[in-house]
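Trainee: I need the structure of the sequence given here:
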Amino acid sequence: EKPLIIDCGSSIGISVLYFKSLYPNAIIHCFEPNPEAFNFLEKNIRANKLSNIIANPLALTDHGRQVELFLPEYRPFINSGLTVDRPAKMVLTNSVRLSDYLENLPLIDLIKLDIEGAEKETIEELKDSGKLAENRILNFIIECHHSVFNSEEKKSYFASLFTHSFYSVDTEILFPELPQSDYLFKAVKPV
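Mentor: Here you go, the predicted model:
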């Protein structure tokens, strides 16, 4: 009826609009460090008269300090990240540890992560803080990038972070027709 959703990597707000179409009363905390995308995220929130949205212009890191964010010259709204692998301009942005942000929030129904390669560090930080082991986060949906999870060993390690905290896990290849595809990782805490 009124889920609490943490949307990490909100970009211009398409996922926010989708979640609100499913759950109009949802409370959504958004993270988008790209200043250009964040500007459109705020415009989309206002234009669609969305309530219960907390928009944070922050990156997620394991240290919570200022970081360099790289905005690719091609499609800068959707592929900004903390690492650079193509021509990009650099901007400084603030970051937060997700575990610190979640500290005073109640039961979290869903964390969506699409943070351009920083998924592993963010989940490791949640594990190290003890947040994964708590029964306060019920579901994760994570886009895992083939550039980071490029071997079965790395995929197994990532899955083990969740299974050791009693989540059931599932994966789905996003683009099976491609030789190197990102995949969708789902983790569910049995109730």
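Trainee: Moving C-terminal from the helix or strand that contains F162, which element do we reach first?
Mentor: Using DSSP states H and E, F162 sits in helix 152-163. Reading on from helix 152-163 to the C-terminus, the next helix or strand found by DSSP H and E is strand 168-173.
Trainee: What lies in contact with that next one?
Mentor: Contact partners of strand 168-173, identified using C-beta atoms under 8 Å, 6 or more residues apart in numbering, comprise 144, 155, 159, 162-163, 181, 183-188, 190. For glycine as for every other residue, the C-beta is placed from the backbone atoms N, C-alpha and C.
Trainee: Let's check: the centremost residue of this protein is which one?
Mentor: Closest to where the C-alpha atoms of the chain average out (C-alpha atoms, centre = their mean) is L113, at 2.0 Å.
Trainee: Name the nearest residue to it, sequence neighbours excluded.
Mentor: In space, and not counting its chain neighbours, L113 is closest to I142: 4.3 Å by C-beta to C-beta, 6 or more residues apart in numbering.
Trainee: A159 too?
Mentor: That would be V169: by C-beta to C-beta, 6+ apart, it lies 4.9 Å from A159.
Trainee: Just the mean pLDDT for whichever strand or helix holds Y18, thanks.
Mentor: According to DSSP H and E, Y18 maps onto helix 14-22. Helix 14-22 shows a mean pLDDT of 97.
Trainee: ok, S165 touching A133?
Mentor: Yes. Between S165 and A133 a contact is recorded at 4.9 Å, counting by C-beta atoms under 8 Å.
Trainee: intersection of neighbour lists for the two?
Mentor: K127.
Trainee: circling back: list the buried ones in the helix holding Y18?
Mentor: 15-16, 19-20 (16 or more other C-beta atoms under 10 Å).
Trainee: in this structure, which spans are strands?
Mentor: Read by DSSP state E, the chain holds these strands, from start to end of the chain: 4-8, 27-31, 53-56, 59-60, 67-72, 88-93, 95-96, 110-113, 139-144, 168-173, 183-188.
Trainee: right, so of the ones you listed, which gets closest to A37?
Mentor: In terms of C-beta to C-beta, the element of the strands of the chain nearest to A37 is strand 67-72, at 8.9 Å.
Trainee: helices or strands up against the closest one?
Mentor: strand 88-93 (3 or more C-beta pairs under 8 Å, 6 or more residues apart in numbering; DSSP states H and E).
Trainee: For the residue nearest to L113, name its beta-bridge partners.
Mentor: L113, F185 (DSSP bridges).
Trainee: Around S51, count how many other residues there are.
Mentor: Using other C-beta atoms under 10 Å, S51 has 11 neighbouring residues.
Trainee: That one: what's it in contact with?
Mentor: Contacts of S51 (C-beta under 8 Å, 6+ apart): none.
Trainee: Report the separation between it and I173.
Mentor: Per C-beta to C-beta, to the nearest Å, S51 is found 36 Å from I173.
Trainee: quick one on the thing from earlier: what sits against the residue nearest to the centre of the chain?
Mentor: Applying C-beta under 8 Å, 6+ apart, the residues contacting L113 are 8-9, 119, 122-123, 140-143.
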